[in-house]
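Enquirer: Show me how the following folds:
(chains A, B, C and D)
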Protein chains: 2
Amino acid sequence: MTKITNAERPLRKDAAQHRQQLLTAAVQVFNEQGMDASVTEIARVAGVGIGTLYRRFPTKEALVDALIREILSTTIQMARDAVRSPDGVGLERFLEASSAYQAEHAGYLRRLWNTDHEMVKTVRQLIARLLVDAKKHGLIRHDLTSTDLSLAMFSLLGVLEATLPVAPDAWRRHLDLLIAGMRPAAADLPHRALSPASLDKVLATHKASLRPE
Amino acid sequence: MTKITNAERPLRKDAAQHRQQLLTAAVQVFNEQGMDASVTEIARVAGVGIGTLYRRFPTKEALVDALIREILSTTIQMARDAVRSPDGVGLERFLEASSAYQAEHAGYLRRLWNTDHEMVKTVRQLIARLLVDAKKHGLIRHDLTSTDLSLAMFSLLGVLEATLPVAPDAWRRHLDLLIAGMRPAAADLPHRALSPASLDKVLATHKASLRPE
DNA sequence: GTCTAAGCGGAGTGATCGCTCCGTATAATG
DNA sequence: CATTATACGGAGCGATCACTCCGCTTAGAC
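Expert: As a prediction, this is how the structure comes out:
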């Protein structure tokens, strides 16, 4: 376990600022052009040279990873907040809040779930807790599993990627539909849920890689 | 309106066969590697030279278009069949059948809906008819619109792209959830549906382009 | 003010891509 | 067969990408 956090040695003041400019520029450029935007463009928007980008982030993937870590960190915080919601409404609050947040980072969301940081597992555990709580209060059908919620995230991602530039709120309507489907009902869902082990494999194999195999 | 269908002049026998081999190879390669697989690889799998590929399809995009046209044609046929279903079950049958079919072509599905062929409009009109019929029989909630169904297609696409290689049937579970959400319910969905005009814009802007802007 | 480790910019590298060009081969016609 | 329009293969072109390398600059410690 290597220390990932900074603390190795404080960056020089200008370097630290450039690093932040690069992250900001990357968010903007990825959102505008998608993940195969060129690093040159990101450096240009950030107002620094390519060399500077590559000293701060040894590879394009490392840059994306830094962004992903930010998103995961915020998402975890949202889930923690939601856990404290009363009456089992935490799950719905989390789905709404995290989707709204993710809508601002749709350009590179495909990378979100297949990073092997333990942060992903943390999110999933928190979601599982939210699900249990929501069921306990009778808000969600008993046969819904937490793997179903992972599929729902991919589902929302599909809608986001398609609609975002033109109809930035369309995902809300789709989330309505998903939640309506999650309500308690007379009959169980016809098909079996994805097993947690399979979901792990899904996230590991998910073909969101930046570079070809 | 130019004639798009063949009939210009019959291809030489070997050429016609090579054309078919190329289409078959393209389906396989796109499914295995995604849409940015190289044309060289497709030609290799088809057992022909690159030159041959480019005489048959003047551009990579034209090759993809030919595949898309096949899918749309099959999808239209499925929708027509579904329209003849009794008791308003046509919509669900269509969603299941078309998803199962699309699962076999997930590699290039993003291209499906943003081609401006009138075939896309035909599909959407047929889906609208299926929706009306399903509502008439009380199977689907009254406040569901046909734009909601378009979003559902993007949703399924997102699930397909994430899960297909590892859990080829996972989409069925998600479709269960979507359909459960479409059932009649006491309360309307909280958010307004996407307007048809906006959906048109979504399909036109959808960033599934092969080449950069 | 001096010194130096740290940071900087961007031309250049190698790989890959879609696509073209042209000398060669062959199916179809009589 | 002979003829010819048609089809074929694949080396090569230009563009683009992620990434490296190195001479120059500068922040910050003394």
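
Enquirer: Show me what from chain A comes close to DNA strand D.
Expert: Counting by CB under 7 Å from any atom of the strand, chain A comes close to DNA strand D at A:12-14, A:36-40, A:50-51, A:54, A:58-61, A:211. In short, each C-beta sits where N, CA and C put it, glycine included.

Enquirer: just the helices in chain A please.
Expert: A:13-33, A:39-46, A:50-56, A:60-83, A:90-102, A:118-136, A:146-163, A:170-182, A:196-205 (DSSP state H).

Enquirer: Give me the residues contacting the longest one.
Expert: By that I understand helix A:60-83. Identification of contacts with helix A:60-83 by CB atoms under 8 Å, 6 or more residues apart in numbering or on different chains yields A:22-23, A:26-27, A:30, A:35, A:39, A:42, A:53, A:57, A:90-91, A:93-94, A:97-98, A:101-102, A:105, A:108-109, A:111-112, A:115, A:117, A:119-120, A:122-123, A:126-127, A:129-130, A:133, A:210-211.

Enquirer: cool, and the fifth one?
Expert: Residues from elsewhere that reach helix A:90-102, judged by CB under 8 Å, 6+ apart: A:71, A:74-75, A:78-79, A:81-85, A:109, A:112, A:127, A:130-131, A:133-134, A:139-140, A:149, A:152, A:156-157, A:160, A:171-172, A:175, A:178-179.

Enquirer: show me the contacts for the residue positioned nearest the centre of chain A.
Expert: Most central in chain A under CA atoms, centre = their mean is residue A:112, positioned 4.4 Å from the mean C-alpha point. Going by CB under 8 Å, 6+ apart, residue A:112 touches A:68, A:71, A:72, A:102, A:120.

Enquirer: Could you list the low-confidence segments of chain A?
Expert: A:1-8, A:206-213 (pLDDT under 70).

Enquirer: domains of it?
Expert: A:10-58, A:67-205 (automatic domain parsing).

Enquirer: need the contact list for residue A:177.
Expert: Neighbouring residues of residue A:177 by CB under 8 Å, 6+ apart: B:144, B:148, B:151, B:152, B:178, B:181, B:182, B:189.

Enquirer: Identify the residue spatially nearest to the residue in chain A that chain B sits nearest to, adjacent ones excluded.
Expert: Taking CB to the nearest CB, chain B has its nearest neighbour within chain A at residue A:158, 2.1 Å off. Nearest residue to residue A:158 in three dimensions, chain neighbours excluded: residue B:158, at 2.1 Å (CB to CB, 6 or more residues apart in numbering or on different chains).

Enquirer: what about the one you found, how many neighbours?
Expert: 25 (other CB atoms under 10 Å in any protein chain shown).

Enquirer: That one touches residue A:155, doesn't it?
Expert: Yes. Between residue B:158 and residue A:155 there is a contact under CB atoms under 8 Å: 5.2 Å.

Enquirer: Let's have the helices of chain A in a markdown table, adding distance to residue B:195.
Expert: Shown next, in a markdown table, are these (distance: least, CB to CB, whole Å):
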| stretch | distance to residue B:195 |
| --- | --- |
| helix A:13-33 | 24 |
| helix A:39-46 | 33 |
| helix A:50-56 | 42 |
| helix A:60-83 | 30 |
| helix A:90-102 | 21 |
| helix A:118-136 | 32 |
| helix A:146-163 | 12 |
| helix A:170-182 | 10 |
| helix A:196-205 | 34 |
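
Enquirer: Any idea which of the ones you listed gets closest to residue B:196?
Expert: Evaluated with CB to CB, the helices of chain A place helix A:170-182 nearest to residue B:196, the distance being 12.6 Å.

Enquirer: Alongside DNA strand C, which residues does chain A contribute?
Expert: A:9, A:11-12, A:14-15, A:18, A:47-52, A:54-56, A:212.

Enquirer: If any of those residues are buried, put those into a ChimeraX selection.
Expert: ChimeraX command restricting these to the buried ones, with burial defined by 16 or more other CB atoms under 10 Å in any protein chain shown:
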select /A:18,48,52,56
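
Enquirer: Residue A:163 contacts residue A:172, doesn't it?
Expert: No. Using CB under 8 Å, residue A:163 makes no contact with residue A:172, being 10.4 Å away.

Enquirer: Just want to know which of those two has more residues nearby.
Expert: Comparing residue A:163 with residue A:172 by other CB under 10 Å, the one with more neighbours is residue A:163, at 29 against 19.

Enquirer: quick one on the thing from earlier: what's the ChimeraX line that selects buried ones from the contacts of residue A:177?
Expert: Those of the contacts of residue A:177 that count as buried under 16+ other CB under 10 Å are selected in ChimeraX with:
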select /B:144,148,151,152,178,181,182,189
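
Enquirer: any idea which of the contacts of residue A:177 is the one closest to DNA strand D?
Expert: Checking the contacts of residue A:177 against DNA strand D with CB to the nearest atom of the strand, the nearest one is residue B:151 at 30.4 Å.

Enquirer: I figured the closest one hits residue A:163, correct?
Expert: Yes. At 7.1 Å, residue B:151 counts as touching residue A:163 under the criterion of CB under 8 Å.

Enquirer: what do those two both touch?
Expert: A:170, B:194.

Enquirer: that older thread, what subset of the contacts of residue A:177 is also close to chain A?
Expert: B:144, B:148, B:151, B:152, B:178, B:181, B:182, B:189 (CB under 8 Å from any CB of the partner chain).

Enquirer: Let me know the closest of these to chain A.
Expert: The closest of the ones next to chain A among the contacts of residue A:177 to chain A turns out to be residue B:181 (CB to the nearest CB; 3.0 Å).

Enquirer: pretty sure the closest one contacts residue A:185?
Expert: No. Counting by CB under 8 Å, residue B:181 does not reach residue A:185; the two are 9.9 Å apart.
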